[in-house]
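[1] coords please:
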Amino acid sequence: MTGFTTPANNGLKKIVTKAAGEITVSGGTLVDEEAGDSVTIKQFGYINEGTTLTSYNIEKTYADLTTDLALLVGMAPSGMGLTIPQDGVVTVNFDFMGVSEDSITASNGNGYNEATTTPIFTARDLAAALEDQESMGIVDLSFKLNNNLRTRLECGSAGVASLGSGNVELTGTLTAYYKSKTLYDKFVDETATSIAAHLADTAGNRYVFEFPQVKLTGGQRVAGGPNADVMAEMQWEAEMDSAEGVMMRIARLAA
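    The predicted model follows:
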């Protein structure tokens, strides 16, 4: 939200409920204002984990061999991971499980899209890391999603007959400066919390990775020495949030 006279009313908010002529948001305390401001509200597009098994064809071209290509058929995403490091680029990886691989002499597609020209996100683009919607200073944050796919083999079939899917597992780690016992006590007391990371580059492109309900499955308070910071190293696992019906939400807003 932008354009409000009061700075606290601007910025990134989370929609909690909506009704005719009214939305309720969280992520700060709003202040009543007089009518007259020219306010802009942009809603992020988003995706979350689902139950539909979708497969793709993946084509590999060997540029120095003009008629030698590889076609991987029935490739379904079996996993995804993201790492926000202390320093350096933000990395994302995808794992696929498929049915077969064939050699082909010409592309089966309609050409390739040009590579994106948008800047690469780095650790400096972390606009906020949130725990229970409160800002925290982190050193690194990562998560790994596993769809638990499996191959199904049948007699009389030379390859994989089909793919089966299982329960989604979503785990992660974070390292934060140990400022108080609040986060660590949630691990000790098995108290659920939430985690979110907001990335924003200088061009205005934004991503939010949100996990509405997580359980801290491991943790330790590390005191490296008399001249070192005390760190909280935590492991967590996402659960299905009963109110929102999701384990993970990835929201995006293009510049």
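
[2] So which residues of the stretch 151-255 of the chain form strands?
    For the stretch 151-255 of the chain, the strands defined by DSSP state E, counting those that start in this stretch cover 160-164, 169-177, 193-200, 206-223, 230-238, 249-253.

[3] of those, which approaches residue 183 most closely?
    Closest approach to residue 183 among the strands of the stretch 151-255 of the chain is made by strand 230-238 (6.0 Å; Cβ to Cβ). (Glycine included, C-beta is placed from N, CA and C.)

[4] partner strands of that closest one, parallel or antiparallel?
    Under the criterion DSSP bridges, strand 230-238 sits next to strand 169-177 (antiparallel), strand 206-223 (antiparallel) in its sheet.

[5] list the buried ones in it?
    For strand 230-238, the neighbour count (16 or more other Cβ atoms under 10 Å) marks 231-234, 236-238 as buried.

[6] Could you tell me which ranges of the protein sit under the pLDDT cut-off?
    Within the chain, no stretch has pLDDT under 70.

[7] how many neighbours does residue 115 have?
    6 (other Cβ atoms under 10 Å).

[8] Then residue 136?
    Using other Cβ under 10 Å, the number of residues around residue 136 comes to 18.

[9] again, but for residue 143
    The number of residues packed near residue 143 is 23, by other Cβ under 10 Å.

[10] Run through the residues that contact it.
    With contacts defined as Cβ atoms under 8 Å, 6 or more residues apart in numbering, residue 143 is in contact with 81-82, 170-173, 209, 211, 238, 248.

[11] so it is in which element?
    strand 138-146 (DSSP states H and E).

[12] Parallel or antiparallel, list what pairs with that strand.
    Checking strand 138-146 against DSSP bridges gives partners strand 69-84 (antiparallel), strand 169-177 (antiparallel).

[13] Report the inter-axis angle for the last one versus strand 193-200.
    Meaning strand 169-177. With axes from the mean of the first three to the mean of the last three Cα atoms, to 10 degrees defining the directions, strand 169-177 sits at 80 degrees from strand 193-200.

[14] The longest one now?
    An angle of 110 degrees separates the directions of strand 69-84 and strand 193-200 when computed by the same axes, to 10 degrees.

[15] List the buried residues for strand 69-84?
    69, 71-84.

[16] ok, now the last one?
    For strand 169-177, burial by neighbour count (16+ other Cβ under 10 Å) applies to 170-176.

[17] follow-up on the earlier one: could I have the strand holding residue 143 exported to PDB, CA atoms only?
    Extracted in PDB, the C-alpha atoms of strand 138-146 (Å, rounded to 0.1, in the frame of the first residue of the first chain):
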ATOM      1  CA  ILE A 138      18.800 -13.600  10.400                       C
ATOM      2  CA  VAL A 139      22.100 -14.900   9.100                       C
ATOM      3  CA  ASP A 140      20.600 -17.500   6.700                       C
ATOM      4  CA  LEU A 141      17.300 -19.100   5.900                       C
ATOM      5  CA  SER A 142      16.500 -22.100   3.700                       C
ATOM      6  CA  PHE A 143      13.700 -24.500   3.000                       C
ATOM      7  CA  LYS A 144      13.200 -27.800   1.100                       C
ATOM      8  CA  LEU A 145       9.900 -29.100  -0.300                       C
ATOM      9  CA  ASN A 146       9.600 -32.800  -1.100                       C
END
